[in-house]
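1. When you get a sec, could you give me coordinates for this:
(chains A, B, C and D, ligands or ions: 4)
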Amino acid sequence: MSFLDILALITQAALYSAAPLIFTALGGVFSERSGVVNIGLEGLMLFGAFTGIVTTLTFQDSLGAAAPWLGIGLAALASMIFALIHAVATITLKADQTVSGVALNFLAAGLSVFLIKNIYGKGQTDFIQVRIDKIDVPVLSKIPVIGDLFFKSVPVTSYIAIALAFLVWYIIYKTPFGLRLRSVGEHPMAADTMGINVTAMRYVGVMLSGLFAGIGGAVYATSIATNFSGTTIAGQGFLALAAMIFGKWHPLGALGAALFFGLAQSLSITGEQIPYIQEIPNVLLKIAPYLLTILALTGFVGRADAPKALGTPYEKGKR
Amino acid sequence: MEYVIEMLNIRKEFPGIVANDNITLQVQKGEIHALLGENGAGKSTLMNVLFGLYQPEKGEIKVRGEEVKITNPNVANGLGIGMVHQHFMLVEKFTVTENIILGSEPTKAGKIQIKESAQKIEALSKQYGLSVDPYAKIEDISVGMQQRVEILKTLYRGADILIFDEPTAVLTPQEIQELIQIMKNLIKEGKSIILITHKLKEIMSVCDRCTVIRKGKGIGTVTVADTNADELASLMVGREVHFKTTKKDAVPQGIVLDIHDLVVEDSRGVSAVNGLNLEVRSGEIVGIAGVEGNGQTELIEAITGLRKAKSGSVKLKDLDLTPLSTRKITEAGVGHIPQDRHKHGLVLDYTIGANTALQTYYKKPFSKGGILNYKKIYEKARTLIKEFDVRTPSEYTPARALSGGNQQKAIIAREVDRSPELLIAAQPTRGLDVGAIEFIHSKLVEERDKGRGVLLISLELDEVMNLSDRIAVIYEGKIVAVVDPKTTNEQELGLLMAGGKQEKVGASS
Amino acid sequence: ACGSDNAEKAGGDGKKSNFKVGMVTDTGGVDDKSFNQSAWEGLQAFGKKHGLEEGTGYKYLQSTKADDYQPNLSKFVEANYDLTFGIGFLMEDDIQKAAEQNPKSNFALVDSILTDAKGNPVTLDNVAAITFKENVGSFLVGVAAANQTKTNKIGFIGGVDSPLIKKFESGFKAGVKSVNPKAEIIVQYAGDFNAPEKGSSIAATMYEQGADIIYHSAGGTGNGVFTEAKNRKKKGQDVWVIGVDRDQHEEGMPENVTLTSMIKRVDVAVQEVTQEAMDGKFPGGKEVVFGLEEDGVGIAPTKDNLTEETLKLVDEYQQKILKGEIKVPATDDEYKEFESTLK
Amino acid sequence: MKILRNERFINILIPIVAAILGLLVGGIIMLIGGYDPVFGYQSLFDGMVGDPKALGETVRAMTPLILAGIAVAFAFKTGLFNIGVEGQLLVGWFAAVFVGYKFDLPAVIHIPLSLLAAAAAGALWGFVPGFLKARFRVNEVIVTIMMNYIALYTTSFLIKTYIYGGNEKSYNIKESASLASPFFASITDNSRMHYGIFVALLAAIVMWFLLSKTSKGYELKAVGYNQHASQYAGMSVKGNIILSMVISGAFAGLAGSMEGLGTFQYMNSLSSFTGTGFDGIAVALLGANSAIGIVLASFLFGGLKTAAPEMNFMANVPSELVGIIIALIIFFVASSYVVRWFLTRLGKEGK
Ligand SMILES: Nc1ncnc2c1ncn2[C@@H]1O[C@H](COP(=O)(O)OP(=O)(O)OP(=O)(O)O)[C@@H](O)[C@H]1O
Ligand SMILES: Nc1ncnc2c1ncn2[C@@H]1O[C@H](COP(=O)(O)OP(=O)(O)OP(=O)(O)O)[C@@H](O)[C@H]1O
Ligand SMILES: [Mg+2]
Ligand SMILES: [Mg+2]
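-> Numbering: from 1, shown residues only, chains lettered A, B, ... in the order given. Ligands and ions are numbered 1, 2, ... in the order given. Here you go, the predicted structure:
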């Protein structure tokens, strides 16, 4: 394999495995920018994966290639509603946001498998027959080097994820909604005095996080795992959370962080078949992505600045 | 005479407390109406009710003669009511413009029109003489400018009834003068103002009428022209109060604090304290007068070891403090009343009792072999609370639930009780009512008379002038003059603080 | 105690009615599309044959965590089951403990023998150890792969680098080499039985390197291998996957990427051992090995994607193995030895 | 004083109410799922405390949970969120097994030494995020998450290289290092309940004492609440952050040793997390970060988890239901704001 081939392999794999993280991390941005901690991303992702697979299995015969897309759509919806639990608990009932998030994870894990057993009478589903396939982007993949690196055998969802990151950036930094969302996460009382409905904004933030995490989970399920069991989502949600913090609660930062993970991941996997890198002890390759992240954080990324009011429920007139 | 605002028999309760008990407030068009009361009297609450942040249990509100229900700030804005809050309501990470337009952003195709807004704001600030930089981030601008931003927020929404809750508590004398001018301009523009302040001088100088409330009850409304400061004070407190702290002349002894060529860099690496020299003797109060941001903060931090000095020496008696840790310095005999009571002074989630042990928890008798003796800690707390008359339900009450005034008393109790050689008091009375101020001042003098050296840092000239035995003027990190409070006056100080030349200084120091 | 009486009666006079057999799955779960599932299918078949009721006559218990194994095993003991299967070598210790604590009830451990703390074999009279010659089965699919590769490059993806999976690897490599010594074999372990994304990027790398057939023994990670192959097949690349444990033809559909599968008839083994137990001939204290002879391992029934020639070749080698002319390696060392013997 | 007593009473009442509500909703779910709730709960109860063995297994399961919970709570109390308990637990588990296998010592030395090793390993794993936060202000949440994965892969590598006993697990530890208890086994007919429970309970006491009775605890909490004030009071903010993570990690490491020296006597070379670390978060939160609360929560939590298979066995209810119930209980506890408000109101009216 030429160096270029190797590089292409790595970038393609990176884009492939980063997509779910990007979606979910973006969701995290919405929730936490509005001031609500969301450890529940893992659970929301899980629920999305569950919905995605069940939908696809149900409709693949009738809808064919469209089924997984419907799955992603419904997953977004389902997880958004699921996130409502977190919203009610933390915003209306003033529950501790971390606690609620953890509970959400347990609930998602329990409920999804419980339902799977109830629906299919077994603990994990069959494989879906139609997936979100890796594609070669029509024209672009023909571009010499670039084409191989970035536009060959990557599922379209990866590009959607990246595009979405920019969209979210625009929404959060250029629109009134974004300004208000951030103000609610920084200084809810100030926002309140400016006539912004803090509760409503936070509900929206949390539910959007559900929507995005749901997509993330469904994308993982329909393009990577291709079936669902209790272990389909094992830690990706927490990685997304890390990516969001790593990216300093900034959509493009989160995007970068997620891609960084993906890259490090695929490097450590592909590495075992690359001359020289091969020589590195396997265990080092395995832990490399996580070590690199820590180093990156410590070294050049510096300290992340959380939204000021993150984690504190808003009560009128409390100082 | 028409009223723009009428709040009739307002009652507002909080769990346990009746904050406003049947209070009536009537504001005439085009007047500056003062609202006066002790800490915790219920002023902010009343105004929050008017602004729609709180809903009253009883009473009615009329705006321009029409009865209204102000269910949230939007309604208030709609009625042309704007409020400048006691604790600023600004998003630190946002720019001035973003803060002002927040909630009513002008957009084109869904995109916020920042440039246009900034221009509009610039125009406004010209019109009322409120200079601000529309693109500056709040966290980077002075308190004074932050307040101008708060005012612009209300004007931007076309408010013509403005509420100022303790606007001057955090301002330098210059800024206060500017603010007063601004308020006068606003009145000229036909607006009406409600002003909350603890500074009677300000009421006397700008206000037309004044409503006094005490412990949540309305005491009455007086026309400022036919009253005087003392009368207002006794109305508010319900007893006689003395402003000029009565104190006999100082009998300074040996040098306690000797600062020599001190250089301290701020967090941005700029020398904020720049070759500063100063000495404080036991038995005297040295006041540092200066405009905010001339190195006061860094100076205190350097003395107390919270910030390492770049060069120079800080001697307590003969002990050089510069290499020592904060704790060592504290133990060496330095007491410190920090300027930000919430940030540095207290662990708000600890009980007031636990807070009184913040400097001594690890020492006998409060702690033996690393084990705490809470019995002793709370015993001590009880005595301090009594001695310094800290108003709190009990020593087990979380510090958070106390008023700033009482929080401050607790801190002073803690620091003074250790009978330190040197007592640093930074902004000791910021935001407090005259009663509390009187008490705290007398305590400081008492310490002086016990032979301690007191270093007072305050932005309030009156405080500095009426308390100090010597006044050192700080400008750009240097002591540019040391003057005698008896012979100096506001004008001279103001000049020196602004970096003015100092011929007469030789004479006065 | 009473449990045992039952056992003997049940065995003794072959009274089917009250014969009870249970199995404890490992954390993979009863529908892992692998040996847990296969074992359960075995019990179900047995149940039908003897008209047993599911839940009363035969039953499984799912383990969600490693510390469930022991409680689950003892649940069957307490319920007086005559025979309890532990599926997967992970249960070795727990079976051993349970067996020692309940000498009168019978257990069968699938995929491993009992060992002591030092790792030396031990036997208990109430435990039958069921193992398979995965290396032999893998050898056969190796032969098939070697004969059908067009690129002379073949991949092997293992779940976790362990002696068991080594059996698959060694046998497979041996099979390939004996047919086609020039063929290059790329081996990689994912270090995880449940990481489809790793599976697919490993597969991608192998296919990129020119491999056209990949044999996986990686459980859930294998799903990723199938996904990758399907993606490539869709784009017209001629790539294949060899399935494992069960006939994975289905998993290859609709793109049809499953060349063939190495099947490991856990179901057969479970049925036979249960039968013996029922007939009172429970092979306690023995290691019951299932190889070609016992058709415990072999090449999958679906052979559509294999050429006649390949099938013939596979058959030849099968005979050789049965005759004992070929001794299929099961470990790295044995493989090295084997390789050196190839001409 | 009245309010105080009232408050305490409410604090006890809330989890109980929450548990009842949780079980109630769980029952409804069973009904909807077409299972028999009564039988389901009966078998769940039996599986928890129905017979000596069940009880023993429940205690066995709650042992590591207590320690994991304490680890989380300790960090919480000092203003840090330690998601890294899982990883700290893994390295602790390995260290305990390693020492337990490699050395030949009299039990009186061997057991404490193995425990110490576990605590040390966990502490080391906690030190890293602590240090990075103190020194570079790196967010501890990310670092601890990353450290989990590093622990996962490192331990399985170490097992494979140094103490591999075949079948994806290490050699068994020596008798002399084992916490297994023939006595407990005999009275709970062969449950795996082991002496580790005493370690766990002791740890709970230690945490309570450290935080609420010592000047160090006063410092740690102060730093957690308000770093500026702590610095003003001459405390070492950095030092305390690190210390807090180290102690938290040590508790987590001990949790691992409970598995290694008690339940299993060996360590599997894992390729996915045990989940105990995350359960620890739930337990801590359920127990309101208080020592006693955590012990009780662990009992409930561990009990439900061990009973799940019984419920599955007897009533065919999927074990996952337990997870759902636990989640619900946590929600109800967390949302106690309303309950609390309501109860206090009642209390007020009462007077
Ligand atoms: N958020 C709150 N929750 C509960 N009680 C409150 C709250 N805010 C105020 N109170 C009660 O209402 C009373 C009045 O408070 P308020 O803030 O209006 O005093 P104030 O007159 O503004 O004091 P200051 O002059 O110090 O600002 C207080 O004494 C307190 O008991
Ligand atoms: N969250 C709260 N809960 C209960 N009481 C409160 C709360 N916030 C304020 N208070 C009460 O409101 C009264 C005034 O509070 P406030 O903070 O205005 O005091 P203050 O003297 O103005 O301090 P500062 O000037 O620093 O704000 C105090 O008596 C305090 O007890
Ligand atoms: Mg106020
Ligand atoms: Mg105030």
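
2. doesn't B:L102 make contact with B:V91?
-> Yes: contact criterion C-beta atoms under 8 Å: B:V91 and B:L102 qualify, at 7.3 Å. C-betas here are computed from N, CA, C, even on glycine.

3. so what sits against both of those two?
-> A:183, A:190-191 (C-beta atoms under 8 Å, 6 or more residues apart in numbering or on different chains).

4. Let me see the contact set for the residue nearest the centre of chain B.
-> Centroid-nearest residue in chain B: B:R430, 2.9 Å away (criterion: C-alpha atoms, centre = their mean). Going by C-beta under 8 Å, 6+ apart, B:R430 touches B:169-170, B:339, B:460.

5. cool, and D:S43?
-> Contact analysis of D:S43 by C-beta under 8 Å, 6+ apart lists D:307, D:310-311, D:313-315.

6. hey, what's C:G155 bridged with?
-> Listed by DSSP bridges, the beta-bridge partners for C:G155 are C:I186, C:I214.

7. thought it was touching C:M206?
-> Yes: counting by C-beta under 8 Å, C:G155 touches C:M206, with 3.7 Å between them.

8. Mind checking which of those two has more residues around it?
-> When C:G155 and C:M206 are compared for neighbours, C:G155 comes out ahead with 28 against 25, by other C-beta atoms under 10 Å in any protein chain shown.

9. From chain D, how far off is that one?
-> Going from C:G155 to chain D by C-beta to the nearest C-beta, to the nearest Å gives 20 Å.

10. Can you give me the pLDDT of that residue?
-> C:G155 is assigned a predicted lDDT (pLDDT) of 92.

11. before we move on, what about the one 10 residues further on?
-> C:I165 carries a pLDDT score of 89 in this model.

12. Using the three-state scheme, assign the closest residue to chain C within the stretch 201-350 of chain D.
-> Minimum separation of the stretch 201-350 of chain D from chain C (C-beta to the nearest C-beta) falls at D:S271, amounting to 4.4 Å. D:S271 falls in the coil class when you classify it by DSSP: H, G, I helix; E, B strand; the rest coil.

13. Around it, how many other residues sit close by?
-> By other C-beta under 10 Å, 18 other residues sit near D:S271.

14. again with the one 5 residues further on
-> Taking other C-beta under 10 Å as the criterion, the count of residues near D:T276 is 27.

15. With D:A222 instead?
-> Around D:A222 there are 26 residues (other C-beta under 10 Å).

16. and B:G40, what does it touch?
-> Contacts of B:G40 (C-beta under 8 Å, 6+ apart): B:215, B:403, B:405.

17. quick one, what contacts the second one?
-> Spelled out, it's B:S403. Applying C-beta under 8 Å, 6+ apart to B:S403 gives the contacts B:39-40, B:391.

18. What's the local residue count around residue 198?
-> Because you didn't say which chain, this covers chain A. Residues near A:V198, counting by other C-beta under 10 Å: 22.

19. please go with chain B instead
-> When neighbours are counted by other C-beta under 10 Å, B:H198 registers 25.

20. Okay, it and ligand 3: tell me how far apart.
-> In this view, B:H198 and ligand 3 are 10 Å apart by C-beta to the ion, to the nearest Å.

21. re earlier: need the overlap of contacts for C:G155 and C:M206.
-> Common contacts of C:G155 and C:M206 (C-beta under 8 Å, 6+ apart): C:186, C:188, C:214.

22. pretty sure the first one contacts C:T151?
-> Okay, so that is C:I186. No: C:I186 is beyond contact range of C:T151, at 11.2 Å (criterion: C-beta under 8 Å).

23. These two: which is more packed in?
-> Neighbour tally, C:I186 and C:T151, criterion other C-beta under 10 Å: the higher count belongs to C:I186, 18 against 15.

24. Could you look up the SS state of B:A34?
-> B:A34 ends up strand, using three-state DSSP.

25. nope, B:G499 is what I was after
-> Assignment for B:G499 (three-state DSSP): coil.

26. Can you tell me the closest non-neighbouring residue to it?
-> Spatially, and ignoring its direct neighbours in sequence, B:G499 is nearest to B:Y475 (4.9 Å; C-beta to C-beta, 6 or more residues apart in numbering or on different chains).

27. go on, B:E38?
-> Distance criterion C-beta to C-beta, 6+ apart; nearest residue to B:E38, sequence neighbours excluded, is B:D433 at 4.4 Å.

28. State the phi and psi torsions of that neighbour.
-> Backbone torsions of B:D433, given as degrees, to the nearest 10, read phi -80, psi 170.

29. shaky segments in the stretch 1-150 of chain C?
-> The model of the stretch 1-150 of chain C has pLDDT under 70 over residues C:1-17.

30. residue ranges of the strands in it, please?
-> Secondary structure of the stretch 1-150 of chain C (DSSP state E, counting those that start in this stretch): strands at C:21-24, C:58-61, C:83-87, C:106-110, C:127-132.

31. Just name the most buried of those strands.
-> strand C:83-87 (a mean of 30; mean count of other C-beta atoms under 10 Å in any protein chain shown).

32. who touches both of C:I186 and C:T151?
-> Shared contacts of C:I186 and C:T151 (C-beta under 8 Å, 6+ apart): C:A211.

33. Where does the prediction get shaky in the stretch 151-300 of chain A?
-> Along the stretch 151-300 of chain A, segments meeting pLDDT under 70 span A:300.
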